[in-house]
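K.L.:
Predicted structure and sequence below. I'll ask about it afterward.
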Amino acid sequence: MKAQSIQCQTLSVLAQIIDPDCTSALLTNTINNFSYWDTLVMVASEHLVLPTLYYQLKHKNLLKLLPPDLLIYLHSITQMNRNRNEAIINQIQEVNAILESTYIKAVFVKGAAMLNSG
């Protein structure tokens with residue numbers, strides 16, 4: 001199969017997996033017939049959606065369809081991401097507490113705002 005065709009198929013599968021409206025029933029056949037897992041990991045990593053990929057597969061009860069080494073890898077990446085986010089949240093809370101003690105109202109933006117909102 002041509003590289004461009006593999007890339008297109010991979011993007012299509014990735015989009016289906018992370019689409020919250022795409023059901024498990026629809027994805028089961030797609031995942032069972034997909035074989036370009038290395039490409040999927042590369043593309044998902046480039047787009048910073050590996051944790052989202054893992055979460056959606058877990059939410060849709062499809063983790064059991066993944067190759068075991070991929071499952072371990074996605075779980076590890078997701079756990080590292082969760083730990084990083086928790087560290088950032090702690091830093092945000094520390095900074096906010098310092099600012100509030102001096103009567104300064106902090107306005108967090110972008111990722112910090114999202115993480116701080118819960």
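P.N.:
Nice, thanks for sending it over.

K.L.:
Quick one: classify the closest residue to residue 100 other than its chain neighbours as helix, strand or coil.
P.N.:
Using Cβ to Cβ, 6 or more residues apart in numbering and skipping the chain neighbours, the partner closest in space to residue 100 is residue 106 (7.5 Å). For every residue, glycine as well, the C-beta is placed using N, CA and C. State at residue 106, reduced to three classes by DSSP: H, G, I helix; E, B strand; the rest coil: coil.

K.L.:
Quick one: residues contacting residue 106.
P.N.:
Going by Cβ atoms under 8 Å, 6 or more residues apart in numbering, residue 106 touches 95, 96, 99, 100.

K.L.:
now residue 28
P.N.:
62, 65.

K.L.:
What count of nearby residues applies to residue 40?
P.N.:
Residues lying near residue 40 (other Cβ atoms under 10 Å) number 21.

K.L.:
buried ones in the one helix or strand residue 10 maps to?
P.N.:
Element membership of residue 10 [criterion: DSSP states H and E] is helix 3-18. Neighbour counts over helix 3-18 (16 or more other Cβ atoms under 10 Å) mark 9, 10, 13, 14, 16, 17, 18 as buried.

K.L.:
roughly how far apart are the fifth one and residue 94?
P.N.:
Translated: residue 16. 40 Å (Cβ to Cβ, to the nearest Å).

K.L.:
cool, the last one as well?
P.N.:
As judged by Cβ to Cβ, residue 18 and residue 94 stand 32 Å apart.

K.L.:
Just give me the longest helix of this protein.
P.N.:
As assigned by DSSP state H, the longest helix anywhere in the chain is helix 68-101.
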